[in-house]
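In: test case, fold it:
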Amino acid sequence: MRKVIAILSVATALLLSGCSQVGEAASVGSEKITQASVQKSVDAVIAERAKVSTAGMQVETGETLNRSQLRFHVVEILLRAVAAEGKISVTKAEIDQRRATIITQVGGIAKLPTALVGAGIAKADLNSYLELIIISEKLSTAATAAGVAADNVGAEIQKLMVKKANELKVTVNPRYGKWDATIGDIVATDSASSANSPAAAPPKTP
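Out: Residues are numbered from 1 along each chain as shown. Coordinates of the predicted model:
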């Protein structure tokens with residue numbers, strides 16, 4: 001009987017979490033983000049830290065690091081969905097060119113690992129980050145062309161992402177936090193006020 005009760009308790013917890021699939025970190029519409037993929041990004045970030053000096057860096061750890069890496073994967077799906085709706089695409093050539101620019105900006109390929117560690121970006125995720133940055137820039141250009149004031153472009157893009165998140169429905173495994181539909185971001189479960197949490201946004205370059 002105790003075993004049955006235990007099984008029912010686990011099943012109930014999974015249903016309440018909104019992530020009924022074992023190993024699921026979050027879902028965005030029909031797309032699933034596995035805990036394994038998030039952990040892979042987390043492990044990569046931590047592994048790269050061991051190779052460079054982190055003196056003076058404010059690196060994320062624990063739940064904060066887990067949440068930020070999951071946030072990237074969620075934002076990746078949402079921003080690509082917004083881009084697809086606006087018929088915006090990014091080519092490999094554009095990503096390669098931006099990567100070359102970033103390498104120049106940080107002072108050469110040898111200094112790229114340190115820059116990525118400082119930005120909390122897993123090396124394997126860099127191309128995806130660059131793609132999202134380019135998408136964001138193209139959305140900004142489109143918004144400006146449509147008459148949106150420069151100061152309001154960022155807010156308009158954020159509104160598009162929040163709208164898309166509400167359309168697709170985002171659920172987050174409680175181990176990472178909770179999804180705040182108002183600001184479109186993953187916040188800590190014990191957050192006193194989600195209103196004070198920063199809204200999710202496309203990643204910045206290293």
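
In: CA atoms for contacts and neighbours, from now on please.
Out: Noted.

In: same for the biggest helix by length in the chain, what does it pack against?
Out: Across the chain, the longest stretch assigned as helix under DSSP state H is helix 62-85. In this structure, helix 62-85 packs against strand 24-28, helix 35-49, helix 126-145, helix 153-168, strand 185-187, with contacts taken as 3 or more Cα pairs under 8 Å, 6 or more residues apart in numbering; DSSP states H and E.

In: ok, which of these comes nearest Gly118?
Out: helix 35-49 (8.9 Å; Cα to Cα).

In: now the closest one and helix 62-85, what's the angle there?
Out: Orientation check (axes from the mean of the first three to the mean of the last three Cα atoms, to 10 degrees): helix 35-49 against helix 62-85 gives 110 degrees.

In: which parts of helix 35-49 are buried?
Out: The neighbour-count check on helix 35-49 (16 or more other Cα atoms under 10 Å) flags Gln35, Ser37, Val38, Gln39, Ser41, Val42, Ala44, Val45, Ile46, Glu48, Arg49 as buried.

In: of all those, which comes closest to Ile109?
Out: So of those, ranked by how close each gets to Ile109 (Cα to Cα), first place is Glu48, at 14.5 Å.

In: roughly how far apart are that closest one and Asn66?
Out: To Asn66, Glu48 is 16 Å away according to Cα to Cα, to the nearest Å.

In: now do the nearest residue to Ser128 once chain neighbours are set aside against Leu130, distance only.
Out: Spatial nearest neighbour of Ser128, excluding adjacent residues (Cα to Cα, 6 or more residues apart in numbering): Glu76 at 7.7 Å. With distances taken as Cα to Cα, Glu76 is found 11 Å from Leu130.

In: what does Ser27 give?
Out: For Ser27 relative to Leu130 (Cα to Cα), the value is 23 Å.

In: quick one: which of these two has more around it?
Out: A side-by-side neighbour count of Ser27 and Leu130, using other Cα atoms under 10 Å, places Leu130 first with 24 against 21.

In: that one is in contact with Thr101, isn't it?
Out: No: the criterion here is Cα atoms under 8 Å, and Leu130 misses it with Thr101 at 10.8 Å.

In: so in this protein, where's the weakest helix or strand by average pLDDT?
Out: Lowest on mean pLDDT, DSSP states H and E among the helices and strands of the chain sits helix 2-17, with a mean of 38.

In: any stretches of this structure with poor pLDDT?
Out: Residues of the chain meeting the criterion pLDDT under 70: 1-22, 191-206.

In: taking the centroid of it, which residue is nearest it?
Out: Phe72 (1.3 Å; Cα atoms, centre = their mean).

In: quick check: that residue vs Arg80, distance?
Out: Applying Cα to Cα to Phe72 and Arg80 gives a distance of 12 Å.

In: same check on Val117?
Out: From Val117 to Arg80 the distance is 25 Å (Cα to Cα).
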